[in-house]
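Novice: no sequence on this one, just coordinates:
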């Protein structure tokens, strides 16, 4: 545990922002459409970049997993047409699950420094 009076590392606050962005994926509805999904992925990418830059020296493997999973999701979303196929939706869903998993791994790894969220 951190000593009295010491503040948590910067990535702890960044982690909370990323977790909220990822949770935003689950609140999207069909009416959000592709543009709603694209906007949420853009927010996740921004928050992920912040987390990775603040924590990569302490958590290289977890931040690398976040980067690759977010890049894959961004790529899958970019390829969606206005009326996506079932295969495209399945790819986005799988990539979104990878992002959730990589963020959870990072959260678990940083709980000792940041406390449980």
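Specialist: Here it is on my side, so go on. Fair warning: this is a prediction, and the values are worked out from it, not measured in the lab.
Novice: And the helix or strand containing residue 24, what does it pack against?
Specialist: With secondary structure defined by DSSP states H and E, residue 24 is part of helix 10-26. Contacts defined by 3 or more CB pairs under 8 Å, 6 or more residues apart in numbering; DSSP states H and E place helix 10-26 against helix 33-55, helix 86-114. C-beta coordinates here come from the backbone N, C-alpha and C atoms, glycine included.
Novice: just the ones you listed: most buried one?
Specialist: Mean neighbours per residue, mean count of other CB atoms under 10 Å, is largest over those for helix 33-55, with a mean of 18.
Novice: after that helix comes which helix or strand?
Specialist: Next along the chain after helix 33-55, with elements defined by DSSP H and E, is helix 60-78.
Novice: Show me which parts of that next one are buried, residue by residue.
Specialist: 62, 63, 65, 66, 67, 69, 70, 72, 73, 74, 76, 77 (16 or more other CB atoms under 10 Å).
Novice: Serialize these to a markdown table and add fields for distance to residue 33 and pLDDT.
Specialist: Output for the buried residues of helix 60-78, formatted as a markdown table (distance: CB to CB, whole Å; pLDDT from 0 to 100):
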| residue | distance to residue 33 | pLDDT |
| --- | --- | --- |
| 62 | 32 | 98 |
| 63 | 31 | 98 |
| 65 | 29 | 98 |
| 66 | 26 | 98 |
| 67 | 27 | 98 |
| 69 | 23 | 98 |
| 70 | 21 | 98 |
| 72 | 21 | 98 |
| 73 | 17 | 98 |
| 74 | 17 | 97 |
| 76 | 16 | 97 |
| 77 | 12 | 96 |
